[in-house]
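K.L.:
fold the following, please.
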Amino acid sequence: MQLEQVAFRYRRRAPWVLRDVTLTVPRGRVIEVSGANGAGKSTLLRLLAGIVPPVRGRVSERPARVGYAPERFPAAQPFSASDYLAHMAKIRGVPFAGAADWAERLGFAGLLGTRLPDLSKGSAHKVGLIQALLGSPGLLVLDEPFAGLDADTRAALPLLLADIATGGTSVVVSDHQAGLRELPGIVRWQVSGHKVTTGDLPDEYAIVEVTVPVDEAGTLVDRLTADGYRARRR
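P.N.:
Numbers count the residues shown, from 1 in each chain. As a prediction, the model looks like this:
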């Protein structure tokens, strides 16, 4: 899958959220998307999933089946979790048994009969994950999948995503909670300044953005550089 010179803003004459983004989405890899709040991570994920089209540029070779889970699952719907997932399975042409299997793996099987509005935030989030996983998508896009999850599911999710990727699925995840930090072989994308920086960073590296008064920025960059860090002003 390719993004070529992609740019996006939410309305005409609004500030650009992303500009001139060119990316290759590798098959069979887990990709962690990081960046400051408001940098454009969620927008990038929506572009990848096809939820919104680019204003400029093009997206090509998107897999036929895409799974997408937003950061906030819309739980204010008059259905039980089971009915909602059965409906999503029917739309995608896959058996409900797949949803039941994922519910078991994510510790949600006992809540399938619960109405969506009655679920906790973490349990509703699991419904979003399950529907995204239906039908073995070729591209799986998850926006903050660790948010609100119980400790057991948080611990199990990284290896579950890695296992999905071994089947050839591209798994793209935004994550500010460092839930994937220990996962080997991860690809990391950094969203900053309307751009996306790509590359496999060593596990001991992290990218940190710091906001300081303008008159202190030069001193901070000099100090960090002297201490052996790579630092630059935006």
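
K.L.:
quick check: which element contains the residue lying closest to Leu106 once chain neighbours are set aside?
P.N.:
Excluding the flanking residues, the one nearest Leu106 by Cβ to Cβ, 6 or more residues apart in numbering is Lys126, at 5.1 Å. In short, each C-beta sits where N, CA and C put it, glycine included. In this assignment (DSSP states H and E), Lys126 forms part of helix 121-133.

K.L.:
same question for Leu140.
P.N.:
strand 139-143.

K.L.:
same check on Asp222?
P.N.:
helix 214-226.

K.L.:
which of the residues in that helix are buried?
P.N.:
Val221 (16 or more other Cβ atoms under 10 Å).

K.L.:
what about the residue nearest to Leu106, distance to Tyr10?
P.N.:
29 Å (Cβ to Cβ, to the nearest Å).

K.L.:
who has more neighbours, those two?
P.N.:
The neighbour count for Lys126 versus Tyr10, taken as other Cβ atoms under 10 Å, is higher for Lys126 (25 against 11).

K.L.:
which residues touch the more buried one?
P.N.:
Ala103, Leu106, Gly107, Phe108, Leu149, Thr153 (Cβ atoms under 8 Å, 6 or more residues apart in numbering).

K.L.:
related to what we said a few turns ago, what's the spacing between the residue nearest to Leu106 and Ala69?
P.N.:
10 Å.

K.L.:
next one: Thr24
P.N.:
Distance from Thr24 to Ala69, by Cβ to Cβ: 23 Å.

K.L.:
and if you look at Val127?
P.N.:
Applying Cβ to Cβ to Val127 and Ala69 gives a distance of 9 Å.

K.L.:
out of these two, which sits in the more crowded spot?
P.N.:
Val127 (29 against 24).

K.L.:
let me see the contact set for the more buried one.
P.N.:
Val127 neighbours (Cβ under 8 Å, 6+ apart): Phe73, Ala75, Ala81, Tyr84, Leu85, Phe108, Leu116, Leu119.

K.L.:
and the third one, backbone torsions?
P.N.:
Read that as Ala81. In this entry, Ala81 is assigned phi and psi values of phi -60, psi -40 (degrees, to the nearest 10).

K.L.:
identify the residues contacting Val187.
P.N.:
Pro26, Arg29, Val30, Ile31, Glu32, Thr198, Gly199, Asp200.

K.L.:
from the residues you listed, pick the one nearest Arg56.
P.N.:
Using Cβ to Cβ, the shortest approach to Arg56 within these belongs to Thr198, at 19.5 Å.

K.L.:
is it correct that that closest one falls within a strand?
P.N.:
Yes. Assigned with DSSP: H, G, I helix; E, B strand; the rest coil, Thr198 falls within a strand.

K.L.:
for the nearest residue to it once chain neighbours are set aside, what are its contacts?
P.N.:
With sequence-adjacent residues excluded and distances taken as Cβ to Cβ, 6+ apart, Thr198 is closest to Trp189, at 5.2 Å. Trp189 makes contact with Leu23, Ile31, Glu32, Val33, Ser34, Leu44, Val196, Thr197, Thr198, according to Cβ under 8 Å, 6+ apart.
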